[in-house]
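# heads up, no residue letters with this:
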C-alpha cells in the first residue's frame, strides 16, 4: 500500500506580498486587499505559464493604465532575479521621494526613461545589462522554479516538490479530442444535404433562391483506458501515477483504469472519490500485487479477453504505463499487444526509463512491442506528463507512425 504524501506549504503568497511592496515602493498603491486578490488569482491560473501568471498579477495590482509600463518593468526585474530586490527597492524609494506628489502613482513620478523605454533606476547594480528588462530567457524566479520542478525526476522529489507537482497536474487541462460519429445533426458544415428540412424551409418561399439545410456528424468524447504497472521496478513512480490517473478520471468521465503486476485489477470506481487521498486509501487494500513481479503479457491477455469489448470501441485511446520489465513469455506479450492495438484508436506507451539518455530498448519484450505502439514516450518527470496533453488533444488527426 502506498503511503500518503506529507502536507506541505508553498511560499508563493509570501513572494507575491514582497512583490506588492516592491510595486508600492515605486509609487503604485498596492494594499492588503490587492495582495489577497493577487494570491487568489495566481492560485486559479497557476505559475506554470508565465503569461497567465503575469496577467493574474497585473489584473489585480494595477489600477491605472499609466502604471502598466512600470509594472511590466518591475515584473521582469523582481521575478527574474529577486536577489536584486533590496537594491532596486531602495532606488525606487529614492525616486518616489524625489517625484512630485501628484505624479507618485504614475510613470512620470519615476524619473525619466532610458532609450530602451524603461524607467531609470540609478540604484540598480552597475553590472545590470541595458536590456535587463527585455531579457526573458531565464524567466521569472517563480516561473523558473516551476520549470526546474517540471524537469526534475519523480524519484528525486522531496515531499514539498511532490505536492507542488501534483497541484500542477490537477490544474492542467486533460481533455481528449472529440470524435465524429456516424450519426448526423443539423449544422452548418456542408457534410450532407437535409432534403426534408430544405423542402420545409422553401415550401412557401417567395424568393428566387433556395435556402439549403445541412447536416453534420455529431461529436462525442473519446473513451480512454489506462493500464498502470505497479510492480517493484515502478515503485518510485507509483504515487505520482495514481494521482495522475485520479486527475484524468475527473477530467475524462468515461475513463477506465487498471493496475497490473502479476494480476489485473480494475480501479475505475475507486478513482471516483473526490479526494485523491481517499481514493488511494481505498485502492491500497484492493490491489494485492503491489511491488511484486510483472507479467505484462498475461495481464494484457486478461484485459483483451475480459475487458476489451466492454471498455474499448468508439475510437478509444489506450495508455500503458510501464518500464517494460516482464518476467513472462515475450511471445505472449507480442501477441497480446498486437491484439490490443487492433481494438483501439491509438496505443500510447509511457516508459520512465526513456528519461535516461543512455536507455535503449534492448530487451526482447520491448523490441517486440514497438511495431504496435503509436507513441513511445517518457514518463520520468512532470514535463513528460504535461507533454502528453498535446498528444491527447491531437487524436483527431492522422494516426502517428509506429
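Thanks, I have the structure now. Everything numeric here is computed off the predicted structure, so don't read it as measured data. Numbering: from 1, shown residues only.
# if I look at the nearest residue to residue 242 once chain neighbours are set aside, how far off is residue 307?
In this structure, residue 242 finds its nearest non-sequential neighbour in residue 280, 5.6 Å apart by Cβ to Cβ, 6 or more residues apart in numbering. Every residue, glycine included, has its C-beta placed from N, CA and C. Using Cβ to Cβ, to the nearest Å, one gets 22 Å for the distance from residue 280 to residue 307.
# show me which of those two is the more surrounded one.
residue 280 (23 against 16; other Cβ atoms under 10 Å).
# name the element that one belongs to?
Residue 280 is located in helix 276-286, with elements delineated by DSSP states H and E.
# flag every buried residue along that helix.
276, 279-280, 283 (16 or more other Cβ atoms under 10 Å).
# please apply the same query to stretch 60-80.
Those buried within stretch 60-80 under the rule 16+ other Cβ under 10 Å are 60-62, 67, 69-80.
# got phi/psi on the residue most central in space within the chain?
When Cα atoms, centre = their mean is applied to the chain, the residue found nearest the centroid is residue 172 (3.6 Å). Main-chain torsions, residue 172, degrees, to the nearest 10: phi -80, psi 160.
# then residue 301?
Dihedral angles (degrees, to the nearest 10) for residue 301: phi -60, psi -40.
# repeat that for the one 5 residues further on.
Geometry field for residue 306 lists phi and psi as phi -110, psi -40, criterion degrees, to the nearest 10.
# number of residues surrounding it?
When neighbours are counted by other Cβ under 10 Å, residue 306 registers 12.
# okay, and the helix or strand of this structure with the least pLDDT?
Across the helices and strands of the chain, mean pLDDT, DSSP states H and E gives its lowest value to helix 85-98, namely a mean of 53.
# find the nearest non-adjacent residue to residue 337, please.
With Cβ to Cβ, 6+ apart, the residue lying closest to residue 337 is residue 369, at 4.5 Å.
# tally up the residues packed near the one you found, please.
29.
# for this structure, which segments count as strands?
Counting by DSSP state E, the chain has strands at residues 178-187, 192-193, 214-221, 224-229, 255-260, 264-266, 317-321, 346-351, 375-378.
# which stretch among these comes nearest residue 393?
strand 178-187 (10.0 Å; Cβ to Cβ).
# and the closest one, what's its mean pLDDT?
Average pLDDT, strand 178-187: 70.
# try stretch 294-309
92.
# kindly report the domain assignment for this structure.
Per the record, the chain has its domains at 12-111+139-148, 179-220, 222-393, by automatic domain parsing.
# mind putting these in CSV, distance to residue 165 included?
Output for those, formatted as CSV (distance: least, Cβ to Cβ, whole Å):
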stretch, distance to residue 165
domain 12-111+139-148, 10
domain 179-220, 31
domain 222-393, 5
